[in-house]
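Trainee: Sequence and predicted structure, then a few things I'm wondering about:
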Amino acid sequence: NVTFSSRFLVSAPQAIADLLAALEESQQRIGKLELYVKSLEFNREDTQKRANEKLRERDTELVEAQQIIVRQREVLEFYANQEHWELPSFGRGQSMVTSDRGSKARELLKEGSDKA
């Protein structure tokens with residue numbers, strides 16, 4: 001037993017030193033992993049922020065496109081309405097379409113080119 005105890009006592013400082021070194025190495029790895037996780041979280045948040053910005057841009061574009069469609073419908077309905085082509089009942093003058101001379105269409109086309 002004395003031999004075992006003396007061998008243990010002789011090798012114990014080295015074993016403790018090895019354990020401390022392993023512990024230090026583990027702590028360093030944990031620190032690196034924590035930094036890696038933080039960088040992943042930052043990248044995720046940044047990616048989410050950019051995705052949200054793109055979504056807002058697309059929503060704005062969709063609303064604008066819907067407004068253009070409404071405006072186009074109004075102009076087309078004006079030109080498609082047969083009553084707008086008829087001459088006034090007293091026989092003189094011009095129809096609403098003739099007096100418009102395409103200005104509604106030109107305005108709509110100008111609006112489209114201004115947004116492009």
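Mentor: Good, I have the coordinates. Numbering: from 1, shown residues only.

Trainee: okay, CA-based contacts and neighbour counts for the rest of this
Mentor: OK.

Trainee: which residues does Ser95 contact?
Mentor: By C-alpha atoms under 8 Å, 6 or more residues apart in numbering, Ser95 lies in contact with 84-88.

Trainee: Need phi/psi at it.
Mentor: phi -70, psi 170 (degrees, to the nearest 10).

Trainee: Buried ones only from the contacts of Ser95, please, as a PyMOL command.
Mentor: With 16 or more other C-alpha atoms under 10 Å as the criterion, this PyMOL line picks the buried residues out of the contacts of Ser95:
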select buried, resi 84+85
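
Trainee: now the contacts of Ser95 in CSV, with secondary structure?
Mentor: Putting these into CSV (DSSP: H, G, I helix; E, B strand; the rest coil) gives the following:
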residue, secondary structure
His84, helix
Trp85, helix
Glu86, coil
Leu87, coil
Pro88, coil
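
Trainee: Out of the contacts of Ser95, the closest to Tyr36 would be?
Mentor: Relative to Tyr36, the closest of the contacts of Ser95 is His84; by C-alpha to C-alpha it sits at 69.9 Å.

Trainee: Now do the same contact list for the closest one.
Mentor: Counting by C-alpha under 8 Å, 6+ apart, His84 touches 78, 95-97.
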